[in-house]
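Engineer: here are the coordinates; sequence isn't available:
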């Protein structure tokens, strides 16, 4: 028999297939978790907090990885309302320092809360420090 004769039936060997093996991923089919690198601490510290008359000096340090600005907030309660004085200060040589000039409303308050906040950046986490300033009667 010649395989080139079109009148003869052609012979095709049977296909042998193996059934697919069902495997489950080690995490149960969930997509792989992406781990972000942990952000480092900015090491925010208040080193100077002094009020003399209508001026408040606020200073502190941060770690060498922290860059940008810190936000200084001076809060007082006056006539039942909380009033806030806010100032943004640049970080220079791992430190910051500013002098807040208080208006008569802020200067009249005997107790104030100062908070310094670092918002964070690509490799450094955010952090806030708070302190209370009291003036003598």
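Structural biologist: Now that the structure is in, tell me what you want to look at. The structure presented is a predicted model; accordingly, all values stated were derived computationally and were not measured.
Engineer: show me the contacts for the spatially closest residue to residue 126 that is not a sequence neighbour.
Structural biologist: In space, and not counting its chain neighbours, residue 126 is closest to residue 120: 3.6 Å by Cβ to Cβ, 6 or more residues apart in numbering. Just so you know, the C-beta spots here come from the backbone N, C-alpha and C atoms, and that holds for glycine as well. Residues near residue 120 by Cβ atoms under 8 Å, 6 or more residues apart in numbering: 39, 42, 126-127.
Engineer: These in strands, which ones?
Structural biologist: Per DSSP state E, strands hold the following members of those: residue 127.
Engineer: Which of the contacts of residue 120 are buried, as a ChimeraX select command?
Structural biologist: Only the buried entries of the contacts of residue 120 go into this ChimeraX selection, using 16 or more other Cβ atoms under 10 Å:
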select :42,127
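Engineer: quick one: which of the contacts of residue 120 is nearest to residue 54?
Structural biologist: Of all the contacts of residue 120, residue 54 sits closest to residue 127, with 28.9 Å by Cβ to Cβ.
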